[in-house]
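Asker: Return atomic coordinates for the entry below.
(chains A, B and C)
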Amino acid sequence: MNNSITSDANAPVPGHKSEFKKKCHSAWIKTKAFFHGNPPAIIGVSLMTVILLGALFAPVLTTHNPEKRVARPHVAPNAEHVLGSTRNGRDVYSQVLHGARKSLTVALFAGIIAMTIAIAVGVTSGYLGGKIDEWMNFVTNVFLVFPQLPLLIVLAAFLGQVGSMVITVLLGVTSWPWGARVIRSQTMAIRNKEFIISAEVMGESKIRIILVEILPNLISIVFGGFLGTVIYAMGAEAGLGILGLGDATEVSWGSMLYWAQVSSSLYTGAWWEMLVPAIALALTGGALALINMSIDQVSNPKLKTGPHMKLWKKMNRETMKRRGLL
Amino acid sequence: MSFLLRRLSFYFTAFLIAISFNFMLPRMMPGDPIDALFAAAQGKMDPAQMDAVREMYGFVDGNVFEQYLSYMQSVFTLDLGPSVLMFPIDVTTVVGMSLPWTMFLALGSLIVALILGVTIGTYSSYRREGFFGQFVPPFLAFISNFPYIVTALLLFYFFGLQLELLPLAYTYDPAIDPGFTLEFIGSVAKHAVLPMGSMILVGIATWVFNMRNAMINVLGEDYVTMAEAKGLSSFRVMYRYAGRNAILPVATAIAMAIGFSFAGSIMTEVVFNYQGLGNILLKGIMARDYPLIQAILLILVSAVLTANFVADLLYVWLDPRISK
Amino acid sequence: MKEALLEINNLCVDYVSANGVARAVNNVSLTIAPGETLGIAGESGCGKSTLAFAITRLHKAPALISEGEIIYNGRDVLKMSDKELRDFRWNDVSIVFQSAMNSLNPVITIGEQLTDVIVAHKRISFKQAAVKAKELLGIVGIHGDRLKSFPHQLSGGMRQRVVIAIALALEPKLIIMDEPTTALDVVVEREILNELYDLKEKFGFSILFISHDLSLMGEIADRIGVMYAGNLIEIGDAKTVFSKPSHPYTKGLIASFPTIHGPKERLYGIPGDPVNLLRLPTGCNFQDRCADCMDICKKEDPLLAELNVDYHAACHKL
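Answerer: Modelled structure (predicted):
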């Protein structure tokens, strides 16, 4: 934090610096402060960057068509097929990169759907209160206590093998209650703050108060909830996939697991077919969790991290030594 | 006790909504629901039996309301008809056999993860400037957020297949007769290590972080400072004075965790071929055994709601202010 | 002067924050004699509570006692090991916190909160401790049946009495009271202070009384110290500090409080805001708000000078 302050003061500040540039500058300082002395953030963001780049540039980075038979069954990793081939002769490396696109798209959109519902329900319910709150809270609680995944499994089963679009929507509309609950209680906490009351007294419309005064204060928990939902949705997609409830003809991490399971790849020694998508899922989940945790760490000053705590530790050790306690 | 009564009526309402949803489900599906429901049963059941099942699901002559009443009646009398997959065994019997194993897995792992997580969370909040507080939570956050299925697969592969340390399938050794013997219990425990272990791994971080954040809020309270000023041991200050209060907000998260744990159990059972509801559910899905699927959904909802009520009882016991 | 019970020498407490190191208590020295009541007054944030917490080393990161000594009965509290410190706490010095509502744990019975401190320090069983706890509640005028109650089942005044009973549990020689009656209404405040004085007669402990309420302090304290921005700027017998203060800040502080008994007078505030501890000016910390500010005030720190026997103030004007 000390660093960011000095760099702020030393930065050349010409009088006509545009508003946009100033904003960029403060965002840059915030970003630097976020990573400074925060290894989990660095690890999480780097991992996620690699994964996202891999998914984005999958067509460039891969040499084989993920949906075509390009090798003999269960070829061990070699120079031609760096991560081996599946029972059906697909290139695992190409599949895992292309699968990332499908799996991450499902997870991201499910997260967006869920958080949109969560914000709508949570903010309305928390801000308006009264009967509306009572009803919305009831619905939220009902959804909250229902076992979502079994419900999903049954729904998927009734619908037959469903495509990733359907899975996205199903995951989105079933995983909003937790976010709604957190957002509701946070909204209730800020509803009575001075700046909201003064906005109300000044006659601002409810919609405007919600959008301009309340929402910006919810950003960190909304983002936290979003990451949590993405992790959950990604796992659920994989789970539905391995149960054979997804569309096995699409290439996703879930369908890769399904085919690996069907071909008993672990028993026959072809571990790569199963473990590669599994590890991809693990790394993505872990990386997202680290990012989520770091945001929490930065937005919650009580967690006591950052460079000044290092200084405190040093000073404390010195005084303890001086008093003969160490 | 009005709090518990309120909760009880809430769960009852939630249950009614769940079974109504279950009633609507086959009617919302594309195509003729009755045909869809019994396509797989063709040839296995005789027409009279099929009619009985139909009646049970409310596909009787009459309007939707009459159908609904007929369905409700069969739900509350637990008359869910025979399973298609394991014809002519009753669905209730099939579910009854596997439910205890799922409860064991889901609730057992939840309780262990809760205890471990709360302990680690408390300690890491108290030592948050030290190595433990700085290193352990991020590490757990990382490994705990692997999807259920992935953790299960990884443990299955490394401990089961590679190291051959632990059994790979079933709830207990089929060669042993079930009974209250040391051999049987040992076998059950051995078979539960991997599935339960993988569920604990996935569940633990939630509690560590919930507890740590709750602790950090509580540690600033005057009563904790006063407990310290009283010269009590740091163990007592940490667990009795701070931990006792920090656990209250954590306990409210149990409600949601119960649902997650049952979901996790279903995934994990499939990987480890553990003979619980998840396994049966998967078989039911493959065989298009809709009566079985419906019964499992119903029983899962009931189990989760009941577990939630138990969590409420726990909460009342934890917070003396609530019973007023 | 009698042999001091507690002697604080050049105590400095720092807060390490993201924006720099702030000195919350700067070079404070004072003594408390056995049986004496010393009041410490000042605005919120002047370091009076930090000083009180430092005496039993209750500060947590990012606070740090960087310099000084706290001598109790010939032993330096700052050099005690964890074990010695635990024994010292409450046995010798107990604390009554600002709000009883917050200093009692809401989910533990008051019985347990009373007995556990006795059991922790004395080699007696919980049963014996419970007998002692009943006795203590009786002393502060609460029926022994209340041991099974939770704090939320008691009124505000009763809770504060329970806190005082806990403070008395081990019959300490010094009780630190950090604004003990601020959260109570005036009638209950009066009642509790009267009881407190009866108890003081009976047990003979010393009191370190922390408050922003100088008029209250004028009534009960033997000596008063006034703090501003971490510095002790005036200390002496209560009567003189209250009726003939020397430091401009103390004057302002007294003028800003209504007196309970005296004639109605106009109240005056002190202009300006308390200084930012991270951006202290050179010279006197009070310079911006002082009506009598001179050139030297902006150059040199005023030192605590002896004006009279046992009477000190830190101002260039004196």
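Asker: okay, CA-based contacts and neighbour counts for the rest of this
Answerer: OK.
Asker: first to last residue in stretch B:176-189, what's the distance?
Answerer: For stretch B:176-189, the first and last residues are 13 Å from each other (CA to CA, to the nearest Å).
Asker: any idea how far chain C is from A:Glu134?
Answerer: The gap separating A:Glu134 from chain C is 27 Å, by CA to the nearest CA, to the nearest Å.
Asker: ok, and the closest non-adjacent residue to that residue?
Answerer: If the residues on either side of it in the chain are set aside, A:Glu134 comes closest to A:Ser125, at 7.8 Å by CA to CA, 6 or more residues apart in numbering or on different chains.
Asker: wait, isn't the one you found in contact with A:Ser185?
Answerer: No. Using CA atoms under 8 Å as the test, A:Ser125 is too far from A:Ser185 to be in contact (9.3 Å).
Asker: Which one of these two is surrounded by more residues?
Answerer: A:Ser125 (25 against 16; other CA atoms under 10 Å in any protein chain shown).
Asker: got the contact list for B:Val270?
Answerer: For B:Val270, the contacting residues are A:243, B:278-279, B:282, taking CA atoms under 8 Å, 6 or more residues apart in numbering or on different chains as the criterion.
Asker: What separation is there between the residue nearest to A:Glu134 and C:Pro274?
Answerer: Counting by CA to CA, the gap between A:Ser125 and C:Pro274 amounts to 42 Å.
Asker: is the strand or helix carrying B:Ala251 up against chain C anywhere?
Answerer: B:Ala251 belongs to helix B:244-252 when elements are defined using DSSP states H and E. Yes. Using CA under 8 Å from any CA of the partner chain, helix B:244-252 comes into contact with chain C via B:244-245.
Asker: and the angle for the helix or strand just after that helix with helix B:244-252?
Answerer: Elements were assigned by DSSP H and E; along the chain past helix B:244-252, the next helix or strand is helix B:254-272. Computed by axes from the mean of the first three to the mean of the last three CA atoms, to 10 degrees, the angle separating helix B:254-272 from helix B:244-252 equals 60 degrees.
Asker: immediately after the longest helix seen in chain A, which helix or strand?
Answerer: For chain A, the helix reaching the highest residue count under DSSP state H is reported as helix A:92-128. Sequence order places helix A:130-145 as the next helix or strand after helix A:92-128, per DSSP H and E.
Asker: Does chain B have contacts with stretch C:13-31?
Answerer: No. Using CA under 8 Å from any CA as the criterion, no contacts between stretch C:13-31 and chain B are found, and the smallest distance is 13.7 Å.
Asker: returning to what we had before: flag every buried residue along the longest helix of chain A.
Answerer: By neighbour count with 16 or more other CA atoms under 10 Å in any protein chain shown, helix A:92-128 contains the buried residues A:92-119, A:121-127.
Asker: so where is the stretch 51-200 of chain B shaky, pLDDT-wise?
Answerer: For the stretch 51-200 of chain B, applying pLDDT under 70 flags the ranges B:52-62, B:84-87, B:164-166, B:168, B:175.
Asker: redo that, cut-off 90
Answerer: Counting by pLDDT under 90, the ranges of the stretch 51-200 of chain B that qualify are B:51-100, B:122-138, B:141, B:143-195.
Asker: Now do the one residue sitting closest to the centre of chain B against B:Val271, distance only.
Answerer: If you average the C-alpha coordinates of chain B and look for the closest C-alpha using CA atoms, centre = their mean, you land on B:Phe262, 2.5 Å from that point. Here the distance between B:Phe262 and B:Val271 works out to 15 Å (CA to CA).
Asker: what do you get for A:Leu283?
Answerer: When distance is defined by CA to CA, A:Leu283 is 20 Å away from B:Val271.
Asker: and the nearest residue to B:Asp177 once chain neighbours are set aside, what element?
Answerer: If the residues on either side of it in the chain are set aside, B:Asp177 comes closest to B:Phe184, at 7.1 Å by CA to CA, 6+ apart. Here B:Phe184, judged by DSSP H and E, is contained in helix B:182-219.
Asker: circling back: mind listing what the residue nearest to A:Glu134 touches?
Answerer: With contact taken as CA under 8 Å, 6+ apart, A:Ser125 is in contact with A:132-134, A:136-137, A:184.
Asker: Find the residue at the geometric middle of chain A.
Answerer: Going by CA atoms, centre = their mean for chain A, the residue that ends up nearest the centre is A:Leu227, at 2.4 Å.
Asker: Kindly confirm my reading that B:Gly278 is in a helix.
Answerer: Yes. According to DSSP: H, G, I helix; E, B strand; the rest coil, B:Gly278 belongs to a helix.
Asker: these two touch, right, it and B:Ser265?
Answerer: Yes. The pair B:Gly278 and B:Ser265 passes the contact test of CA under 8 Å, sitting 6.9 Å apart.
Asker: So those two - more neighbours on which side?
Answerer: It is B:Ser265, of B:Gly278 and B:Ser265, that has more neighbours when counted by other CA under 10 Å, with 31 against 27.
Asker: near chain A, which residues of chain C?
Answerer: Taking CA under 8 Å from any CA as the test, the list of chain C residues beside chain A reads C:16-20, C:61-67, C:78-81.
Asker: Tell me the one of the residues you listed nearest B:Ala214?
Answerer: Using CA to CA, the shortest approach to B:Ala214 within these belongs to C:Ala61, at 18.0 Å.
Asker: What strand or helix carries the closest one?
Answerer: With secondary structure defined by DSSP H and E, C:Ala61 is part of neither a helix nor a strand.
Asker: what number of residues lie near the nearest residue to it once chain neighbours are set aside?
Answerer: Leaving aside its chain neighbours, C:Ala61 sits nearest to A:Trp312 (7.3 Å; criterion: CA to CA, 6+ apart). Burial of A:Trp312, expressed as a neighbour count using other CA under 10 Å, amounts to 21.
Asker: One more: A:Glu200?
Answerer: Burial of A:Glu200 is recorded as 13 neighbouring residues (other CA under 10 Å).
Asker: Check which helix or strand it maps to.
Answerer: For A:Glu200, the element it lies in under DSSP H and E is helix A:194-201.
Asker: hmm, back to that, with distance to A:Trp272 and pLDDT as added columns, please give the contacts of B:Val270 in TSV.
Answerer: Below are the contacts of B:Val270 laid out as TSV (distance: CA to CA, whole Å; pLDDT from 0 to 100):
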residue	distance to A:Trp272	pLDDT
A:Leu243	19	82
B:Gly278	26	87
B:Asn279	25	86
B:Leu282	25	83
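Asker: Okay, the residue nearest to A:Glu134 and chain B: tell me how far apart.
Answerer: The spacing between A:Ser125 and chain B, counted by CA to the nearest CA, is 19 Å.
Asker: same question, C:Ala100
Answerer: As judged by CA to the nearest CA, C:Ala100 and chain B stand 9 Å apart.
Asker: before we move on, what about C:Leu137?
Answerer: Relative to chain B, C:Leu137 is positioned 17 Å away (CA to the nearest CA).
Asker: Are we agreed that that residue is in a strand?
Answerer: No. Following the definition three-state DSSP, C:Leu137 is helix and is not counted among the residues of a strand.
Asker: Longest helix of chain C, counting residues only.
Answerer: For chain C, the helix that runs over the most residues, judged by DSSP H, is helix C:186-203.
Asker: next one: it to chain centre, how far?
Answerer: Between the mean C-alpha point of helix C:186-203 and the mean C-alpha point of its chain there is a distance of 16 Å (CA atoms, centre = their mean, to the nearest Å).
Asker: do the same with stretch B:268-282
Answerer: Relative to its parent chain, stretch B:268-282 has a centroid offset of 13 Å by CA atoms, centre = their mean.
Asker: what about it, how long is it end to end?
Answerer: Rule used - CA to CA; the end-to-end distance of stretch B:268-282 is 12 Å.
Asker: burial of the closest residue to C:Ala63 other than its chain neighbours, as a residue count?
Answerer: Closest residue to C:Ala63 apart from its sequence neighbours, by CA to CA, 6+ apart: C:Tyr15 at 4.4 Å. Other residues within reach of C:Tyr15, judged by other CA under 10 Å, total 22.
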